[in-house]
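Chemist: quick one, structure for this:
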Amino acid sequence: MNGLRNYEEQPLDGQPNWLRIQFGRPGSVEGLLSIFTFSEGEHFIAVAPALKLTGYGSTVEEAKYMLRYVVLEDYFERITATSEAEAFAELSKLGWSMQGSARDFTSGYVDRDGVLRNFHLPADTEIEEQALALAA
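Modeler: Residues are numbered from 1 along each chain as shown. All right, here's what the predicted structure looks like:
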């Protein structure tokens, strides 16, 4: 995969997470993911809960960079190199379902309360919520 070089932050408005995957070499991914960022101790965490992927850093910007350009890039490079059946099996374990074609997947919206529960954070934790549009 040539890498996802185009990430655009958007307001999070309850949209479902979705992915369109072009398999093979080079593969590509388009989609929309809910992203949440928060501090935990001395670190900042950026989370894409629909894929159960996280990045961290000493600043919010560093955590987002780690999630986007290291963790997501690696994940999408790996998943585009698999077969459609293997990708579907992996994504379905994470709660994704196939939509339309074997390349289109959707996942439910993950809200702030789900992130608080999954990370066992105090209820007053400040969480930044946004959607991240992915383009190949």
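
Chemist: from now on I want contacts and neighbour counts done on CA atoms only, so please keep to that.
Modeler: OK.

Chemist: show me the contacts for residue 81.
Modeler: Listed by C-alpha atoms under 8 Å, 6 or more residues apart in numbering, the contact set of residue 81 reads 23, 24, 25, 27.

Chemist: name the nearest residue to the second one, sequence neighbours excluded.
Modeler: Put plainly, it is residue 24. residue 81 (5.3 Å; C-alpha to C-alpha, 6 or more residues apart in numbering).

Chemist: next, the buried residues of stretch 81-97.
Modeler: By neighbour count with 16 or more other C-alpha atoms under 10 Å, stretch 81-97 contains the buried residues 81, 84, 87, 88, 91, 96, 97.

Chemist: same list, these, but as JSON lines with pLDDT and distance to residue 18 please.
Modeler: JSON lines is the format used below for those (pLDDT from 0 to 100; distance: C-alpha to C-alpha, whole Å):
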{"residue": "81", "pLDDT": "91", "distance to residue 18": "19"}
{"residue": "84", "pLDDT": "88", "distance to residue 18": "16"}
{"residue": "87", "pLDDT": "91", "distance to residue 18": "14"}
{"residue": "88", "pLDDT": "90", "distance to residue 18": "13"}
{"residue": "91", "pLDDT": "92", "distance to residue 18": "11"}
{"residue": "96", "pLDDT": "90", "distance to residue 18": "9"}
{"residue": "97", "pLDDT": "89", "distance to residue 18": "9"}
